[in-house]
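Participant: I'd like to go over a predicted model; first the sequence, then the structure.
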Amino acid sequence: MSNDATPSTPPLGTGGAITIRGLAPELKARLRIRAAHSARSMEAEARAILEAALSAPAEDATDLAAFARGLFAPIGGVELELPSREPARDPPGFDDGQDSAAIPAALAPNPAESATATRRTAAPPKKAANAQAGNKGRRG
């Protein structure tokens, strides 16, 4: 038994099949009416609609600045006063020569706070677990 099964692709120039599920009944009725007015089948009408919609040249994408200029050009444009700029400050240094006093208090680690957090996340005592296990068999 030979395995000559290869995926079939339609040759160029012949269209592929497409199925459109979930088409609203109102839309299907409108397509049927439009196809009847054009003396075509619903399939031929859908094909014509797709060809017309997709053969139109794509709109050129404009950036936001060009879009804003297009909005304000009919009214003469808008001139905005630009604020003056100051030179940027020097970035902070991260040399080994810095001491811990230069670290702001809000960013410095707090040893007491980290010990409390460790105690809060510790496992519960075994006495409570044993007491719960012993009460399972008793009924009050």
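Facilitator: Structure's in. What do you need?
Participant: which stretches of this structure aren't confidently modelled?
Facilitator: 1-15, 96-140 (pLDDT under 70).
Participant: Do a quick rundown of the helices in it.
Facilitator: Taking DSSP state H to define them, one finds helices in the chain at 25-37, 42-55, 64-72, 111-120, 126-135.
Participant: which strands and helices sit next to the longest one?
Facilitator: When contacts are defined as 3 or more CB pairs under 8 Å, 6 or more residues apart in numbering; DSSP states H and E, helix 42-55 packs onto helix 25-37. For every residue, glycine as well, the C-beta is placed using N, CA and C.
Participant: and the angle from the helix it packs on to helix 42-55?
Facilitator: Counting by axes from the mean of the first three to the mean of the last three CA atoms, to 10 degrees, helix 25-37 lies at 100 degrees to helix 42-55.
Participant: Which elements pack onto helix 25-37?
Facilitator: helix 42-55.
Participant: Give the buried residues for the helix it packs on.
Facilitator: Glu45, Ala46 (16 or more other CB atoms under 10 Å).
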